[in-house]
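Sequence plus the predicted model coming up.
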Amino acid sequence: MTAQGTTPSFLRRIVAALASGLTVAVIGYLVSLLAFFVAGNSLADLHSFFVWPAVFVFLFAAILAIIGAYSRWYTALAGGIIVAELGALVGSTLVAVGAGHPFDAAVAQYSIGTLGGPNLIFAVAVVVATVTAGVAMWRLVLGRNAINPARRIALVRPPAETLANGELTHLERVPVDLDLANSQWDNYVSVLAQHGWDIREVPQANQFADSVFIEDAVVMFGKTAVIASPGAASRLGEAEDVENAVRRLGQRVERIELPGTLDGGDVLKVGKTVYVGRGGRTNSEGIRQLRMIVAPLGYKVVAVPVSMALHLKSSVTALPDGTIIGYPPVVDNVAVFDRFLAVPEIGGLAVLVLAEDTVLMAASAPKSAALIADLGYKVVTVDISEFEKLEGCVTCLSVRLR
């Protein structure tokens with residue numbers, strides 16, 4: 001069920017890690033040999049002293065790459081310092097023990113002392129090599145966009161086996177075909193991957209029927225992830241795995257805390273304006289907390305009444321140019337929005353921006369898709385009929401990081 005998209009294979013990541021670690025180790029080794037050889041030392045003695053620190057730097061630097069430390073310059077720098085110090089300490093200790101000295105306090109003191117002596121140049125070379133050549137080699141093997149594919153990452157979550165038991169507010173319950181829902185979800189994820197999104201899958205959560213609607217669990221504001229506080233009791237705890245996922249991606253995490261409630265489906269971002277639906281799932285305290293979190297980030301929160309749909313984005317969404325589109329019968333107050341375009345079908349109000357000129361829409365709204373296409377956008381459609389039975393739409397099924 002997992003869509004690979006542009007995610008590098010595990011084997012390729014291993015190769016990239018080994019190549020990166022070897023690059024860092026060789027640079028540290030050669031710089032140290034050259035520096036001390038120029039000072040009049042024997043190459044044979046220098047090789048004996050620096051070869052083991054270089055070997056351990058190779059191992060530690062490869063591990064550093066595998067755990068994702070190259071995703072940010074500051075984590076690469078911090079990791080490089082740790083790798084350099086550990087490699088020098090362990091390698092120097094091994095050299096001393098190999099020369100016949102027992103491993104005792106004297107050897108430990110000697111190894112630590114080298115960090116301010118001969119291993120200082122080695123450590124500096126390793127740190128510089130890590131944040132330059134090491135990161136460059138990692139990118140080269142994986143592809144230049146492997147670490148940060150223009151922040152085009154899509155978090156998705158497979159449908160729970162209990163999907164049919166999901167919450168309903170404005171629709172009558174009808175049977176949900178789980179096999180068809182799984183097939184439609186696979187196709188949805190495949191479309192994201194085909195349009196350049198790096199797919200990151202959050203583990204399935206069968207105890208949470210609505211967990212496939214991952215958008216409700218977290219809202220992204222640049223590098224800040226705001227963990228939502230669900231307005232439905234059945235969804236409490238749903239965001240835990242989602243929070244772990246955004247943390248692994250290096251995002252700073254903030255939270256909406258009870259008694260505040262806020263669902264991600266009630267949050268519509270248009271530039272630096274954040275429209276937030278005040279309705280059955282999001283309360284005034286949740287909006288207040290969100291305003292306090294995002295104001296320092298340069299965002300302005302505008303509260304919008306929502307009474308005729310489950311979420312704000314069940315009534316309106318936005319085109320890439322900022323135009324708000326919606327189905328008027330389920331929009332409380334059209335005048336709230338600066339630019340509003342009415343669509344002829346309720347399924348056509350939801351658009352997911354794939355690129356500046358491309359949007360994703362539900363196949364259930366062909367007239368709306370034609371209207372948007374007539375505005376000069378490329379429109380891609382997917383069938384999500386089983387999720388629409390549960391008040392879902394194309395935006396609900398993923399969280400996009402840019």
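Looks like it came in fine. Numbering: from 1, shown residues only.

Show me where the stretch 101-250 of the chain has its helices.
Ranges of helices in the stretch 101-250 of the chain, per DSSP state H, counting those that start in this stretch, are 105-114, 118-129, 135-142, 178-194, 240-248.

Distance to residue 386 for those - can I get that in a markdown table?
Where you see a C-beta, it was placed from the backbone N, CA and C, and this is true even at glycine. Below are those laid out as a markdown table (distance: least, C-beta to C-beta, whole Å):
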| stretch | distance to residue 386 |
| --- | --- |
| helix 105-114 | 62 |
| helix 118-129 | 52 |
| helix 135-142 | 36 |
| helix 178-194 | 4 |
| helix 240-248 | 22 |
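
Highest mean neighbour count out of these?
Greatest average neighbour count among the helices of the stretch 101-250 of the chain goes to helix 118-129 (a mean of 22), per mean count of other C-beta atoms under 10 Å.

May I see the helices of the stretch 101-250 of the chain organised as a markdown table, with distance to residue 31 and mean pLDDT added?
Below are these laid out as a markdown table (distance: least, C-beta to C-beta, whole Å; pLDDT from 0 to 100):
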| stretch | distance to residue 31 | mean pLDDT |
| --- | --- | --- |
| helix 105-114 | 16 | 86 |
| helix 118-129 | 4 | 93 |
| helix 135-142 | 16 | 83 |
| helix 178-194 | 42 | 94 |
| helix 240-248 | 33 | 94 |
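
closest one to residue 289 among those?
Among the helices of the stretch 101-250 of the chain, the nearest to residue 289 by C-beta to C-beta is helix 240-248 (16.1 Å).

distance between that closest one and the chain's centre?
Relative to the chain's own centre, helix 240-248 is displaced by 9 Å; criterion: C-alpha atoms, centre = their mean, to the nearest Å.

mind listing what the next helix or strand after that helix pairs with, with the direction of each?
Sequence-wise, the next helix or strand downstream of helix 240-248 (DSSP states H and E) is strand 252-255. Strand 252-255 has the following sheet partners, assigned by DSSP bridges: strand 224-227 (parallel).

then the partner strand to PDB, C-alphas only?
Written as PDB, here are the backbone C-alpha positions of strand 224-227 (Å, rounded to 0.1, in the frame of the first residue of the first chain):
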ATOM      1  CA  THR A 224       6.600  24.900  12.500                       C
ATOM      2  CA  ALA A 225       4.100  22.100  13.000                       C
ATOM      3  CA  VAL A 226       1.000  22.800  15.100                       C
ATOM      4  CA  ILE A 227      -0.400  19.600  16.500                       C
END
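
which residues are in contact with it?
Identification of contacts with strand 224-227 by C-beta atoms under 8 Å, 6 or more residues apart in numbering yields 217-220, 239, 242-243, 246, 251-256, 290, 293-294, 297.

any idea of the mean pLDDT in it?
Average pLDDT, strand 224-227: 97.

and of the helices of the stretch 101-250 of the chain, who's closest to residue 57?
When these are compared by C-beta to C-beta, helix 118-129 sits nearest residue 57, at 5.5 Å.

helices or strands next to the closest one in the packing?
Here helix 118-129 touches helix 10-38, helix 43-66, helix 73-98, going by 3 or more C-beta pairs under 8 Å, 6 or more residues apart in numbering; DSSP states H and E.

Please repeat the previous calculation with a cut-off of 6 Å.
Contacts defined by 3 or more C-beta pairs under 6 Å, 6 or more residues apart in numbering; DSSP states H and E place helix 118-129 against helix 10-38, helix 73-98.

ok and the last one relative to helix 135-142, angle-wise?
Inter-element angle recorded for helix 73-98 and helix 135-142: 100 degrees (by axes from the mean of the first three to the mean of the last three C-alpha atoms, to 10 degrees).

hmm, back to that, quick one: which of the helices of the stretch 101-250 of the chain is nearest residue 66?
Evaluated over the helices of the stretch 101-250 of the chain, closeness to residue 66 peaks at helix 135-142, with 10.0 Å, by C-beta to C-beta.

mind saving the C-alpha coords of the closest one as CSV?
Extracted as CSV, the C-alpha positions of helix 135-142 are listed here (Å, rounded to 0.1, in the frame of the first residue of the first chain):
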residue,chain,number,x,y,z
VAL,A,135,26.9,16.5,2.8
ALA,A,136,27.7,17.1,-0.9
MET,A,137,28.6,13.4,-1.4
TRP,A,138,25.3,12.4,0.3
ARG,A,139,23.4,14.6,-2.0
LEU,A,140,25.3,13.4,-5.1
VAL,A,141,24.5,9.7,-4.5
LEU,A,142,20.9,10.2,-3.5
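
Return the distance of that helix from the chain's centre.
Relative to the centre of its chain, helix 135-142 is centred 20 Å away, using C-alpha atoms, centre = their mean.

Stretch 86-95 too?
36 Å.

Please identify the helix or strand for residue 269.
Taking DSSP H and E as the definition, residue 269 sits inside strand 267-270.

ok, that strand: who's next to it in the sheet?
For strand 267-270, pairing defined by DSSP bridges yields strand 273-278 (antiparallel).

could you give the mean pLDDT of the next helix or strand after the partner strand?
With elements assigned by DSSP H and E, the helix or strand that comes after strand 273-278 is helix 284-294. Averaging pLDDT along helix 284-294 gives 98.
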